[in-house]
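Visitor: Sequence and predicted structure, then a few things I'm wondering about:
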Amino acid sequence: MFSVEYFHPRVLSEIESWPVDVLADYAHLVELLIEHGPNLRMPHSRAMGDGLFELRPRGSAGVGRALYFFRLNQRVVVVHAFIKKTQKTPDKALRLARKRMKEMSHG
């Protein structure tokens, strides 16, 4: 079993502000992530490179993304979350997530 934590309360607040159907799908995907960890794959999770992954919740109101990585002791850290507005995950979001990941790994 894995545990999920958040880089900052702001990240959780962002997720909690999502449309209700996207939030419900996120809750379901987090349960799968807790159970399967790094074995969770497409369409639920996708590797983004350098140890960063994205959780891929969706609903009729939109598509969310929660960027996360794995730490020791079966911990998952969600470092950034947003509602997607384009097909591709924005580079700015990936840069921010990688920066936060590095802060937690070396800080």
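Guide: Sure thing, it's come through. Every value quoted in this text rests on a predicted model; they were computed, and no experiment measured them.

Visitor: Number of residues surrounding the nearest residue to Y6 once chain neighbours are set aside?
Guide: Spatial nearest neighbour of Y6, chain neighbours left out: L12 (4.6 Å); criterion: CB to CB, 6 or more residues apart in numbering. Yep, even glycine has a C-beta here, placed from its N, CA and C like the rest. The local packing of L12 (other CB atoms under 10 Å) involves 16 other residues.

Visitor: what's the answer for the one 10 residues further on, then?
Guide: Around V22 there are 20 other residues, counting by other CB under 10 Å.

Visitor: That one in helix, strand or coil?
Guide: Under DSSP: H, G, I helix; E, B strand; the rest coil, V22 falls in the helix class.

Visitor: residues in contact with it?
Guide: P57, R58, G59, A61, G62, V63, G64, I83 (CB atoms under 8 Å, 6 or more residues apart in numbering).

Visitor: From these, list the buried ones, please.
Guide: In the contacts of V22, burial by neighbour count holds for P57, R58, G59, V63, G64, I83, counting by 16 or more other CB atoms under 10 Å.

Visitor: Make sure the fifth one is actually in contact with I83.
Guide: If I follow you right, that is G64. Yes - using CB atoms under 8 Å, G64 is in contact with I83, at 5.4 Å.

Visitor: Report the buried residues of the helix or strand containing R100.
Guide: According to DSSP states H and E, R100 maps onto helix 91-106. By 16+ other CB under 10 Å, the buried positions in helix 91-106 come out as A93, L94, L96, A97, R98, R100, M101.

Visitor: again with stretch 12-24
Guide: L12, E14, I15, W18, V22, L23.

Visitor: just these now: which is nearest E5?
Guide: L12 (9.3 Å; CB to CB).

Visitor: Would you verify that the closest one is located in a helix?
Guide: Yes - membership of L12 in a helix is supported by three-state DSSP.

Visitor: got a list of what the residue most central in space within the chain touches?
Guide: Centroid-nearest residue in the chain, with CA atoms, centre = their mean: A66, separated by 2.4 Å. Shown in contact with A66 (CB under 8 Å, 6+ apart): I15, Y26, E54, L55, P57, V78, H80, A81.
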